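# based on what follows, work out the 3D shape:
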Amino acid sequence: MEFYEVVESRRTIRDFENVDIDDAVIERIISAAMKAPSNDHMRDWHFIVIKDKEVVLKLVDKIPKKVSQKSISGVLKNWNLNDPCQQNVYKDAIPKQYRMFAEASCVVIPLLKQKTDILQPDNLSHLNGFASIWCSIENLLLAATAEGYAATLRIPLGNEGEWARTVLRFPDDYLMPCFIAIGKASPNAPQLKQIEHPLEKVIHRDSW
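Presented below is the predicted three-dimensional model:
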């Protein structure tokens, strides 16, 4: 696909078909991720690729398997999610958090070398490494789209990150920013409406 077509085509998908993904495809996707800008020019990133379903299910065991409508309504209220488009996305996403990883063709865990405490930074520069890995993750999502696959991610909650470290045995000085699921989109995957912002309202020329 041409670049702008890839950008237009990328969507967060949480419903996958039961199909395999070739290792060569995964390597091309991660190669694209490794070409993202890095704050220290070292690209001290690693990617754990998991296709073994037993490992995947153990990895995501801490994610709730079922979520009640009452709990979903509570999240919408507590997080002040009042826009109808936003609410619809969360209503679709929250119940699928476990299943979307269990059904994906593979799960990818990106890792960055943690040099500072990102939860208690002294200044914005201390977040440079964390910001860089997210540039890498965006490259990964676009590359997956270009390969004809879909993807979604989850930022770990509670002890999910430390559980992942226990399951996957990655070093203590590496940080996992998210779980990523990659797979072929199900034909029945919903295409939810997204909020669109006209460019004339978000572009400010020379000053606000």
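# CA atoms for contacts and neighbours, from now on please.
OK.
# paired strands for the longest strand seen in the chain, with orientation please.
When the chain is parsed with DSSP state E, its longest strand is strand 106-113. Strand 106-113 pairs in its sheet with strand 45-50 (antiparallel), strand 174-175 (antiparallel), strand 179-183 (antiparallel), by DSSP bridges.
# among those strands, which comes closest to L168?
For L168, the closest of the strands paired with strand 106-113 is strand 45-50, at 8.1 Å, according to Cα to Cα.
# what comes up buried for the lengthiest helix in the chain?
Identified as the longest helix of the chain according to DSSP state H is helix 128-146. Buried residues in helix 128-146, counted by 16 or more other Cα atoms under 10 Å: 129-130, 132-137, 139-146.
# on that earlier part again, now the longest strand of the chain and helix 128-146, what's the angle there?
On the basis of axes from the mean of the first three to the mean of the last three Cα atoms, to 10 degrees, strand 106-113 is oriented at 160 degrees to helix 128-146.
# pull the distance from strand 106-113 to the chain's centre.
How far strand 106-113 lies from its chain's middle: 10 Å, per Cα atoms, centre = their mean, to the nearest Å.
# name the surrounding residues that touch that strand.
Contacts with strand 106-113, where a contact means Cα atoms under 8 Å, 6 or more residues apart in numbering, come from 21, 44-51, 56, 101, 129-130, 133, 137, 173-183.
# what about the most centrally placed residue in the chain, which helix or strand?
Nearest to the centroid of the C-alpha atoms of the chain, with distances taken as Cα atoms, centre = their mean, sits L153, at 2.5 Å. Following DSSP states H and E, the helix or strand that holds L153 is strand 150-154.
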